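Trainee: sequence-free structure coming up:
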């Protein structure tokens, strides 16, 4: 088993030997147990790899979400999002709310859930991503970066709208959104209400094109209440 890199089976076999349970199982049950152990081991490794590659801001889980409806959290909507159907359908999710109300935590929790479902997720602070696209363009690796982003099942863009975009940033954002439109899901979290995003993007034509691709088919969550950071 070890030479075949069946490490999950190897661990399970050792446990059976150590606990002297081998004689309690017939061949079929024993084989099923070993194969299930191997499957569980591979799924765990894949989850760990997907989580690491996603580079979440918070190690958040959906079980930790504060579901108080006064905060704008709809249990039915969250339960639907947890299933991952919006990712399969390539639908955007727009999360807005004041500083500290839990936008990044919610986005990260949904992203981590997607990883557990085998989805490729990427998490970026928008400004840092646009800095990365600038560097990639200078280094000649822009195509590689955009291709990596396009292949993600779920892209999380956090802190949208902290600063207005310049012309090249608008074009980069437009290309990212266009590559994913109706194919893959994108979560955007912002302190600003969606109605103010037009001004952040600037330049009418590009703003129209970007918002047309993310607003009309999107799920919306508007978080309310005082900062959760004050309660910690």
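Mentor: In hand now; what should we look at? Remember, predicted model here, so these are calculated numbers, not experimental data.

Trainee: burial measure for residue 36, as a count.
Mentor: The tally of other residues near residue 36 (other Cβ atoms under 10 Å) stands at 13. (Each C-beta comes from the backbone N, C-alpha and C, glycine too.)

Trainee: What helix or strand is it located in?
Mentor: helix 27-54 (DSSP states H and E).

Trainee: mind giving me the domain split of this protein?
Mentor: Using automatic domain parsing, the domain parsing of the chain gives 7-52, 55-231.

Trainee: Is it possible to get CSV of the ones you listed that adds mean pLDDT?
Mentor: Converted to CSV, the domains of the chain look like this (pLDDT from 0 to 100):
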stretch, mean pLDDT
domain 7-52, 89
domain 55-231, 94
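
Trainee: in the chain, which spans are helices?
Mentor: 7-19, 27-54, 75-82, 85-88, 103-116, 126-139, 142-151, 167-180, 197-201, 204-214 (DSSP state H).

Trainee: Sort out which residues of the longest one are buried, please.
Mentor: It refers to helix 27-54. With burial defined by 16 or more other Cβ atoms under 10 Å, the residues of helix 27-54 counted as buried are 30, 33, 34, 37, 38, 41, 50, 51, 54.

Trainee: Same check on stretch 154-174?
Mentor: Within stretch 154-174, the residues that count as buried by 16+ other Cβ under 10 Å are 154-161, 165, 169-170, 172-174.

Trainee: quick one: contacts of stretch 210-224?
Mentor: 70-74, 77, 81, 86, 91-98, 101-103, 106, 170, 173-174, 177-178, 181-182, 186, 188, 193-194, 197-198, 201 (Cβ atoms under 8 Å, 6 or more residues apart in numbering).

Trainee: Could you rerun that using 6 Å?
Mentor: 71-72, 91-97, 101-102, 174, 177, 181, 201 (Cβ atoms under 6 Å, 6 or more residues apart in numbering).

Trainee: Would you mind listing which of those residues are buried?
Mentor: Among the contacts of stretch 210-224, the ones that count as buried by 16+ other Cβ under 10 Å are 71-72, 91-97, 101-102, 174, 177, 181, 201.

Trainee: Farthest-apart pair in those, please.
Mentor: Farthest-apart pair in those is 71 and 174; separation 32.4 Å (Cβ to Cβ).

Trainee: before we move on, back to that, wait, which of the helices of the chain is closest to residue 226?
Mentor: Nearest to residue 226 among those is helix 103-116 (13.9 Å), distances taken as Cβ to Cβ.
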